[in-house]
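1. I would like the atomic coordinates for the input below:
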Amino acid sequence: MKASNSNSPDPNSQNLIEEFITSQVTKRGLDERTAKAYRLDLEHLYTWLEQDPAIATTKEGGADADTATGTAEEGAFSSNFSWEEKMETYLNYLSREKGLRFSTVSRKYRVFGYYLSYLVAQGFLPGCRPLKLVCQTKEEPADNLLSKQEVDAFFHALDREYAGLDSDFRRRVCLRDRVMMELLFYHGIEVSELLRMEVSDYNRKTAILIIRRKREKDCTVHLFSSSLREQMEQWLSEHEYFEHGGEYHNRMFLSKLGRPLSMKMVINIFEKYRVRAGIEKECTPKDLKNSMKRYAKELLVEQCS
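-> Predicted structure coming up:
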């Protein structure tokens, strides 16, 4: 039953969370990791609202929401506080008191925004405004993007691996990994988009690749690198060795057993070559994806010096 009070969307928060996840994650084909992250973010929010220190002010006056404190015994949020204000105060608490990284707080901020929109769409709230990300004091202390030197070392590690392998099948696996990593770097493709990619998404004559977006319309990219085009052509020619006659034969990137790769597998592949390249900083496939602009700037400086 939908609630009439905007400060209490539903008395059974767990059911509401699961309905939200089914609608916004499961039915959209997003993976279980995303569902788990969304669920934990919302469960922690509800737990904090019920048990942790609450705001000892109201909208009409008192201390600023960023600095005011109180105890659970002093009462929960005043009914004068909207759900947007509750969420913003919680995000601020995570940043300033718990010391969470800005990237982590930003992810929760996006999840809460999706949740508010869902509540409005389902009639649990009469409306909502965009959340304000008020907790920007915890910027990332380090730049995790890869430098030109690190990117070059990363792909050289892949080249050395391929050249030193003693079996055709292991070379095919390495070729698959190389194509995936180059698509991440050169074309800024998300890992989740790589995992959804199908063989039929690539036109071998035009070198046009369809990218299946999560929430946006599908788009296309042209593989401008002749080397990448050659590797893609070779990979598609070798693809049958991974199909095993299974139901996933049209998935672009398959495991050795003929099943779709998982997010964890891609992360492990990246980690393998990060270590072999001697890159010591903490970074992820997403950091490789976002490093092209830095690479181009450093390359320009190198050419002009």
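
2. Below-threshold pLDDT in this structure: ranges please.
-> 1-11, 30, 51-80, 134-142, 305 (pLDDT under 70).

3. repeat that for 80
-> Filtered on pLDDT under 80, the chain yields the residue ranges 1-12, 24-31, 50-81, 97-103, 133-143, 214-216, 305.

4. residue boundaries of the helices in it?
-> Using DSSP state H, the helices of the chain run over 13-21, 32-51, 83-96, 102-121, 148-164, 168-187, 191-196, 226-238, 240-243, 263-276, 285-289, 292-304.

5. And those helices: which comes nearest residue 204?
-> Closest of those to residue 204 is helix 226-238, at 6.4 Å (criterion: CB to CB). Backbone N, C-alpha and C define where each C-beta goes, glycine included.

6. List the buried residues of that closest one.
-> Neighbour-count burial for helix 226-238 flags 228, 231, 232, 235, 238 (criterion: 16 or more other CB atoms under 10 Å).

7. What's the local residue count around residue 295?
-> 19 (other CB atoms under 10 Å).

8. could I get the helices of the chain as TSV with distance to residue 133?
-> Formatted as TSV, those follow (distance: least, CB to CB, whole Å):
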stretch	distance to residue 133
helix 13-21	21
helix 32-51	15
helix 83-96	7
helix 102-121	5
helix 148-164	30
helix 168-187	27
helix 191-196	23
helix 226-238	37
helix 240-243	43
helix 263-276	25
helix 285-289	20
helix 292-304	23
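
9. Tell me which of those sits nearest to residue 202.
-> Between these, helix 226-238 lies closest to residue 202; by CB to CB that is 6.6 Å.

10. got the angle for that closest one vs helix 168-187?
-> Put simply, helix 226-238 runs at 140 degrees to helix 168-187, going by axes from the mean of the first three to the mean of the last three CA atoms, to 10 degrees.

11. got a list of contacts for helix 226-238?
-> Contacts with helix 226-238, where a contact means CB atoms under 8 Å, 6 or more residues apart in numbering, come from 172, 175-176, 178-179, 182-183, 186, 199, 202, 204, 207, 223.

12. how close does residue 147 sit to residue 298?
-> Distance, residue 147 to residue 298, using CB to CB, to the nearest Å: 6 Å.

13. What residues of stretch 287-300 count as buried?
-> By 16+ other CB under 10 Å, the buried positions in stretch 287-300 come out as 287, 288, 289, 290, 291, 292, 294, 295.
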